[in-house]
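K.L.:
Okay, sequence plus prediction incoming.
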Amino acid sequence: MRRRPTKTSPVTDTRAPDTDQVVLSVRHLHLETEDGTPLVQDLSFELARGETLGIVGESGSGKSLSLRSVLGIQPESLVLTGGIDCAARAAMVFQEPATALNPTMRVGSFVAGVWRRHHPGESRSAARAAAIELFDQVGIVDPAKRFGAWPHELSGGMRQRVMIAGALATSPEVLLCDEPTTALDVRVQAQILALLHRLVVEREMAMVFVSHDLAVVSSVCERLLVMRHGELVETGPLADVVAAPGQPYTRDLLAANLARRLADRGASPASLTTGGVS
Amino acid sequence: MADLLEIDRVSVHFGCSGALARLLGLGGDPVVAVDDVTLSIPAGTATGIVGESGSGKSTLMRSVMGLNRPASGEIRFRGQPLAGHRDLATRRAIQMVFQDPGTTLNPARTVGSTLEEVLAVHRVVPAGEVDARVQHLLDLVHLPASVRDARPRRLSGGQKQRVGIARALALEPDLLIADEATSALDVVVQASVLDLLAELRATTGVTLVCVTHDLDLVRYVCADAVVMRHGRVVEQGPVDEVFASPRDPYTAELIAAAPSLAAATGRQGA
């Protein structure tokens, strides 16, 4: 694909991973609308086998759009230039499982169908067994019984587990997650994050996890990429970036984290007085 | 003396009930959204009501606003029971900032005309002073004067929520209820809007109730915390006590589940 010249010198991912191990390579990705408004500008990053990368940015930063471009499911009206090499099998988990799941399909049939498409020649009963096994792996209790459930019969957390099972049915080497816990309550979110972390380790999958929440990303990712206004702001090992942010915007993001502010403020804020709710 | 807001054994039910529903065979057990809640909020305080989806936190506060009617119990404001039909003065005294400013602001009106309308309806200031008051309100929420002639679609999410706050404050309420007022905002914007709420509480003395699923938000803005689950209050008390030594296992679970940046530093070198 054609490389688009850029006016500014881009911030690029300078890490040089072992090229044999690279499962996803995004080079100079540029997305713009038909009337020429740039949405993603000169984004480059690489993902090694088994690596976990968190992409953090505000609404409109281009983080989800970049992730969707990896699978080629960005809106068709957008003009894409640059190179995306995803040699490995990739699968995506979306933000809102209620809308991502087909409401007229039993959740077991959905997962079994995906599995069968990726295992041509296998029988229906083999697909059913595989789906039940996947349900078990993603922590769905009583998986054989849940096979015949409709999406609306499940809670948000259970639906997201079904989505993850559907993604796993393709035996992905790269798992793409687009804000998969944003629609969930905090306790369910913690469970899903723990599940993703376990699956990534067990299956030696690479993962790209897009979120607006730095704290969520930090619980599942080792590397961080910060985006703003469609451009890469900063990238590096997550712990390093959090400990010593190199860019003003990253510092703003960290400064906005309420837990950090509370820690800075000390245990008891002097300006607030307790009224004693009774 | 009575507290500003007293919620006395309030329950709120949803679903088909009543004679007509029974006649049509639609009756059944109603969903109990709020279950026998008693709560008292003194004037001048900042209280956070925390809970997950379906805990009844928003429903309870919407009852205080008069947006739904409790099945039983009584809500008293300044010691007086709140009636089903409220007079203008009572409605003025309790104001709410909603979650999504994109859908709660009139898209056809400019920001200036939105604020002028509430000032006029409630006769907050004489007609001659409306102009100056609108300007004062925009200053109060740190919006530039140019926003006055803009329609909501021209504004960012954070700016829209500042307009929502200005609209609520235009009526000089005694009680300001912020219902997930920052959950639709980006994290940097959220922090600035929370700082604004804390500042306004200090300058205007308004009693603040924050309804949220975010525990850090409660710790950041509020002095008191109320934890709700399945329509009931499971724990309440000063924020520091609730967070440092939660008495209810559910509260402890919520605190433990909150994602933390500390995970990043904790895994460093691992």
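P.N.:
Everything's here; your move. Residues are numbered from 1 along each chain as shown, chains lettered A, B, ... in the order given.

K.L.:
now the closest residue to B:Gly84 other than its chain neighbours, what's its secondary structure?
P.N.:
Using C-beta to C-beta, 6 or more residues apart in numbering or on different chains and skipping the chain neighbours, the partner closest in space to B:Gly84 is B:Arg69 (6.2 Å). Yep, even glycine has a C-beta here, placed from its N, CA and C like the rest. For B:Arg69, the secondary structure call by DSSP: H, G, I helix; E, B strand; the rest coil comes out as coil.

K.L.:
mind listing what residue 98 touches?
P.N.:
Just so you know, I chose chain A. A:151, A:156, A:159, A:183 (C-beta atoms under 8 Å, 6 or more residues apart in numbering or on different chains).

K.L.:
The intended chain is chain B.
P.N.:
B:Phe98 is in contact with B:104, B:164, B:179, B:181, counting by C-beta under 8 Å, 6+ apart.

K.L.:
and the residues you listed as TSV, adding pLDDT, secondary structure and distance to B:Thr59?
P.N.:
Formatted as TSV, these follow (pLDDT from 0 to 100; DSSP: H, G, I helix; E, B strand; the rest coil; distance: C-beta to C-beta, whole Å):
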residue	pLDDT	secondary structure	distance to B:Thr59
B:Thr104	88	helix	17
B:Gly164	95	helix	20
B:Asp179	95	strand	10
B:Ala181	92	coil	17
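
K.L.:
Among the residues you listed, find me the one that's closest to chain A.
P.N.:
When those are ranked by distance to chain A (C-beta to the nearest C-beta), B:Ala181 comes first, at 14.3 Å.

K.L.:
Averaged pLDDT, the helix or strand that contains B:Met61. What do you get?
P.N.:
Using DSSP states H and E, B:Met61 falls within helix B:57-65. For helix B:57-65, mean pLDDT rounds to 95.

K.L.:
again, but for stretch A:181-191
P.N.:
If you average the pLDDT values across stretch A:181-191, you get 91.

K.L.:
does the lengthiest helix in chain A come close to chain B?
P.N.:
Longest among the helix segments of chain A by residue count, using DSSP state H, is helix A:186-202. Yes: Helix A:186-202 comes into contact with chain B (C-beta under 8 Å from any C-beta of the partner chain), by way of A:186-187, A:189-190, A:193.

K.L.:
Write the ChimeraX selection for whichever of these are buried.
P.N.:
Restricted to buried positions by 16 or more other C-beta atoms under 10 Å in any protein chain shown, the ChimeraX selection for these reads:
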select /A:186,189,190,193
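
K.L.:
Tell me where chain B has strands.
P.N.:
Counting by DSSP state E, chain B has strands at residues B:5-14, B:31-41, B:46-50, B:72-77, B:80-81, B:94-97, B:175-179, B:207-212, B:224-229, B:232-238.

K.L.:
Ok, chain A next?
P.N.:
Going by DSSP E, chain A shows strands at A:22-32, A:38-48, A:52-56, A:79-86, A:90-93, A:174-178, A:206-211, A:223-228, A:231-237.

K.L.:
Let me know which of these is the nearest to B:Ala46.
P.N.:
strand A:206-211 (28.8 Å; C-beta to C-beta).

K.L.:
Of the strands of chain B, flag the one that's most buried.
P.N.:
Scoring the strands of chain B by mean neighbour count under mean count of other C-beta atoms under 10 Å in any protein chain shown gives strand B:46-50 as the most buried, with a mean of 27.

K.L.:
what are the pairing partners of that one, and which direction each?
P.N.:
strand B:207-212 (parallel), strand B:224-229 (parallel) (DSSP bridges).

K.L.:
can you tell me which of these comes nearest to A:Ala215?
P.N.:
Each of the strands paired with strand B:46-50 has some distance to A:Ala215 by C-beta to C-beta; the shortest is strand B:207-212, at 15.6 Å.

K.L.:
Tell me how chain A divides into domains.
P.N.:
Following automatic domain parsing, chain A resolves into domains at A:20-89+A:173-258, A:102-171.

K.L.:
now the last one: mean pLDDT?
P.N.:
It refers to domain A:102-171. Across domain A:102-171, pLDDT averages out at 95.

K.L.:
ok, residue 42 - how many residues close by?
P.N.:
Reading this off chain A. For A:Asp42, the tally of surrounding residues (other C-beta atoms under 10 Å in any protein chain shown) stands at 24.

K.L.:
that answer is for a different chain, and I need it for chain B
P.N.:
By other C-beta under 10 Å, the residues close to B:Pro42 number 18.

K.L.:
how about the residues of the stretch 1-150 of chain B near chain A?
P.N.:
Those residues of the stretch 1-150 of chain B that sit near chain A, judged by C-beta under 8 Å from any C-beta, are B:39-42, B:44-47, B:52-53.

K.L.:
For these, which two are the farthest from each other?
P.N.:
Largest separation among the residues of the stretch 1-150 of chain B next to chain A by C-beta to C-beta: B:Gly44 and B:Ser53, giving 30.2 Å.

K.L.:
Compare these two (neighbour count), which wins?
P.N.:
Applying other C-beta under 10 Å to B:Gly44 and B:Ser53 shows that B:Gly44 carries more neighbours, namely 15 against 12.

K.L.:
looking at it, the more buried one is touching B:Thr207, isn't it?
P.N.:
Yes: contact criterion C-beta atoms under 8 Å: B:Gly44 and B:Thr207 qualify, at 5.9 Å.

K.L.:
Show the model's pLDDT score for A:Gly276.
P.N.:
Value for A:Gly276, per-residue pLDDT: 46.

K.L.:
right, I mislabeled it, should have said A:Leu71
P.N.:
Note for A:Leu71: predicted pLDDT of 92.

K.L.:
list the contacts for it?
P.N.:
A:86, A:90, A:92, A:176.

K.L.:
which one of the residues you listed is nearest chain B?
P.N.:
Distances from chain B to the contacts of A:Leu71, taken by C-beta to the nearest C-beta, are shortest for A:Leu176, at 19.7 Å.

K.L.:
Chain neighbours aside, what residue packs nearest to the closest one?
P.N.:
Nearest residue to A:Leu176, sequence neighbours excluded (C-beta to C-beta, 6+ apart): A:Met92, at 4.3 Å.

K.L.:
For whichever residue of the stretch 1-150 of chain A sits closest to chain B, give me its contacts.
P.N.:
When scored by C-beta to the nearest C-beta, the stretch 1-150 of chain A has A:Glu58 as its residue closest to chain B, at 3.8 Å. The contact partners of A:Glu58, by C-beta under 8 Å, 6+ apart, come to A:212, A:228, B:186-189.
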